[in-house]
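Novice: here is a sequence together with a model predicted from it:
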2 protein chains.
Amino acid sequence: MEADEQSSGEHGACAAADGRPGDGSRAELDLAQFLPYRLNRLADRISDELERMYAERYGINVAQWRVLAWLSHSDELTAKKICTYTNMDKARVSRAIQALEDRGLIYREPSAHDQRVHDLHLTAAGEELLASLVPDAQAWEAELVATLSVGEYRDLFNAMGKLERQLERIGQR
Amino acid sequence: MEADEQSSGEHGACAAADGRPGDGSRAELDLAQFLPYRLNRLADRISDELERMYAERYGINVAQWRVLAWLSHSDELTAKKICTYTNMDKARVSRAIQALEDRGLIYREPSAHDQRVHDLHLTAAGEELLASLVPDAQAWEAELVATLSVGEYRDLFNAMGKLERQLERIGQR
DNA sequence: GACAATTGGTTTCATGAGAAACTATATTGC
DNA sequence: GCAATATAGTTTCTCATGAAACCAATTGTC
């Protein structure tokens, strides 16, 4: 039943309370066709795999990884910006930054114009770690998407973009 | 920078250590084009929204919701099966089941053939709750995917399916 | 210039999740 | 038939996370 392909609703999302009229008709939801569920489960599995790799080979967790990744291509970064970019809680970001600093992978310098803010930078050790981590991550991703055609891959990103924008629209109401 | 559309790799995944030869070339990773990151962030946001709805209107969390949803269309369910279907930890499932039982939304009966196993069923109250929750969830999903065409929607599910299968293949090695 | 209101970031606290230990039942090998 | 092993499910322990309190610096507003 995991994979049964029913379809009826606008998008084949099926799973309506399939109103057999009168009887004790049950509200059914086919999770396999419910986007939030499918997306979440997929993302979780991918995340688990990658997390394991990060942890085993480099001793960092996902939050730390994200901070490093953002640092890798923008050197004008503060905790706040990372929060907005990554959608992570500021406490989580704060802890990730602290851990990375303790390990000497990044350093902070107080911003010239605002004493509350610290500018974040990679150390040499941080760059070194990224230099070996990034190709690993990319190789893994490449293997993951190996069965998608270039078009499918592009469409997938497009769809995700649309969903994110729609989510934004829904959220601010 | 959040949305800049670079592309170079096989799939436009860009973000290679863009080997400026010789210099202190940096390993860069464009998270915006990194599938695990994008997927995770999207799934997280969707999950957050839905979770809020479940909690506010029905006082249940995601784990409980998943148990209910699976129960809604298969009445031959055990904790173990829910674990495999949903990919959730057995402790998490156990707690969800307990909470639902405490609230009188489901009941357990010891299986006839194996005393370790409990068969799970919705109570009348459980069915009632689902009858109002499921349409809510579907309406929300419908709004989320409103900007996708039917084709895009189908392709998205296809892509997710392929990724899941590929993940399986990668995992068992 | 002083007092209120904001903002960036850290810390404290409570909660949920996974790992591993544990219990009780079933199954297998002999 | 009985010891050894496996399986379903629960409980304990630890840890990461998010919410809220908090601190320090900054930006109004009068």
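Specialist: Alright, I've got the coordinates. Numbering: from 1, shown residues only, chains lettered A, B, ... in the order given.
Novice: residue ranges with poor pLDDT in chain A?
Specialist: Residue ranges of chain A with pLDDT under 70: A:1-26, A:172-173.
Novice: look up how far A:R38 lies from A:D30.
Specialist: Using Cβ to Cβ, to the nearest Å, A:D30 is found at 10 Å from A:R38. Quick note: C-beta positions are derived from backbone N, CA and C, even for glycine.
Novice: what does A:E49 give?
Specialist: 17 Å.
Novice: which of A:D30 and A:R38 has more residues huddled nearby?
Specialist: Using other Cβ atoms under 10 Å in any protein chain shown, the more surrounded residue of A:D30 and A:R38 is A:D30, with 21 against 18.
Novice: was I right about the more buried one contacting B:H73?
Specialist: Yes. Taking contacts as Cβ atoms under 8 Å, A:D30 lies within contact range of B:H73: 6.3 Å.
Novice: okay, domains of chain A per the record?
Specialist: A:1-33, A:34-171 (automatic domain parsing).
Novice: tell me which parts of chain A are close to DNA strand D?
Specialist: For chain A, the residues in contact with DNA strand D (Cβ under 7 Å from any atom of the strand) are A:61-63, A:88-92, A:95, A:113-116.
Novice: just the buried ones from those, in ChimeraX syntax?
Specialist: The buried subset of the residues of chain A next to DNA strand D, as determined by 16 or more other Cβ atoms under 10 Å in any protein chain shown, is captured in ChimeraX by this line:
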select /A:62,63,88,92
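Novice: out of the residues of chain A next to DNA strand D, which are close to DNA strand C?
Specialist: A:90-91, A:95, A:114, A:116.
Novice: can you list contacts of the host helix or strand of A:D48?
Specialist: Element membership for A:D48, per DSSP states H and E: helix A:35-53. Residues outside helix A:35-53 that contact it (Cβ atoms under 8 Å, 6 or more residues apart in numbering or on different chains) are A:13, A:31-32, A:61-62, A:136-137, A:140, A:144, B:35-36, B:39-40, B:42-44, B:46-47, B:50, B:66, B:69, B:86-87, B:137, B:141, B:144-145, B:156-157, B:160, B:163-164, B:167, B:170-171.
Novice: now the element after that helix, going C-ward?
Specialist: Downstream of helix A:35-53, the first helix or strand assigned by DSSP H and E is helix A:62-73.
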